[in-house]
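Participant: the following comprises the amino acid sequence and a computationally predicted model.
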Amino acid sequence: MAEIISYEHVDVSYNGQLMVQDISFSLGQGEILGIVGESGSGKSTLLKAALGMLGKDGLVTRGDIYYEGRDLPDLPPEELRAISGSGIGMIFQNAGASFCPIRTVGVQLQEMMEAKGHKDKGQIEKAAMELLEKFGFAEPKRILQSYPFELSGGMQQRVGVAAAMLLKPKLLLADEPTSALDVTVQKQVIEEMLLARQLFGTAIILVTHNMGVVRAMADKMLVMQGGRAMEYGKTVEVMANPSSPYTRKLLDAMPRLRR
Ligand SMILES: Nc1ncnc2c1ncn2[C@@H]1O[C@H](COP(=O)(O)OP(=O)(O)OP(=O)(O)O)[C@@H](O)[C@H]1O
Ligand SMILES: [Mg+2]
């Protein structure tokens, strides 16, 4: 299978201090990787490293992150910006907060698409309506005409996922996309991401604290601790036969599995 993204022995430092060490994994089209691990173990750092979002103090100090044959940490900012959104989409914990409060959802989707070179407003609106409909929104027009505050937090997050998919990225980076939501809405957002994979073959890297979510949707999983990979492999294999005590502890903490 052709790989969409491949991390090879990646180190990341902040202010010269090594925070993520020797991380390798790869994903093919439509594959989902779940990343779990304690707070501060480097999960978000791994996602940010792909799109050069480590801030002024952060740097990939060793290794490669290949996306479609290009080594992302080597690319100039303008090339990364071109890939960001169109090739690699991102969803954060609080997508609602990334919408501007004083402009409608529709206007903001227009702006996002225009920034990526799509100029035909009618075409953009049509695409947005179709996509929202595919994702099960009963009244797409109403969503587009809404201000963010008129939508619930869960609805905002679901619209955020749909918005990311408007650019048809090959890879979606999702950093705890469901952590702020209640359980029923969590399930809807997870289902929406699975549908994105099904409809568009999107590969997904999902950071989550929820092992149940990993079990339900991830083909592969990576367990992080203190900036290192404790475990990496097919989810079914890791869960059936964890090799590190830390992974075993995480698995023991989740509701009993029928192995
Ligand atoms: N901009 C930064 N400058 C300095 N140190 C940073 C910066 N961002 C993150 N770190 C440090 O890097 C380490 C990894 O942080 P990261 O945010 O990747 O963890 P995480 O696994 O996503 O944690 P959480 O589950 O709490 O979101 C932490 O020790 C953190 O303090
Ligand atoms: Mg994080």
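Facilitator: That came through fine. Ligands and ions are numbered 1, 2, ... in the order given.
Participant: who touches Asn15 in this structure?
Facilitator: Counting by C-beta atoms under 8 Å, 6 or more residues apart in numbering, Asn15 makes contact with Asp57. Quick note: C-beta positions are derived from backbone N, CA and C, even for glycine.
Participant: go with 10 Å
Facilitator: Neighbouring residues of Asn15 by C-beta atoms under 10 Å, 6 or more residues apart in numbering: Lys56, Asp57, Gly58, Leu59.
Participant: over to Gly87?
Facilitator: Ile4, Ile5, Leu51, Tyr67, Glu68, Arg70, Leu80, Leu167, Lys168, Pro169, Lys170, Leu171.
Participant: make a markdown table from those and add pLDDT to it.
Facilitator: Shown next, in a markdown table, are the contacts of Gly87 (pLDDT from 0 to 100):
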| residue | pLDDT |
| --- | --- |
| Ile4 | 96 |
| Ile5 | 98 |
| Leu51 | 94 |
| Tyr67 | 97 |
| Glu68 | 92 |
| Arg70 | 96 |
| Leu80 | 94 |
| Leu167 | 94 |
| Lys168 | 95 |
| Pro169 | 96 |
| Lys170 | 97 |
| Leu171 | 97 |
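Participant: among these, name the buried ones.
Facilitator: Among those, those classed as buried by neighbour count (16 or more other C-beta atoms under 10 Å) are Ile4, Ile5, Leu51, Tyr67, Leu80, Leu167, Lys168, Pro169, Lys170, Leu171.
Participant: nearest to ligand 1 among these?
Facilitator: Using C-beta to the nearest ligand atom, Leu51 is the member of the buried ones among the contacts of Gly87 that lies nearest ligand 1, at 13.9 Å.
Participant: give the contact list for the closest one.
Facilitator: 65, 67, 72, 75, 80-81, 83-85, 87-90, 173.
Participant: low-confidence regions, this structure specifically.
Facilitator: Scanning the chain for pLDDT under 70 picks out the ranges 1, 95-96, 255-259.
Participant: at 90 what do you get?
Facilitator: 1-2, 92-101, 152-154, 177-187, 209, 252-259 (pLDDT under 90).
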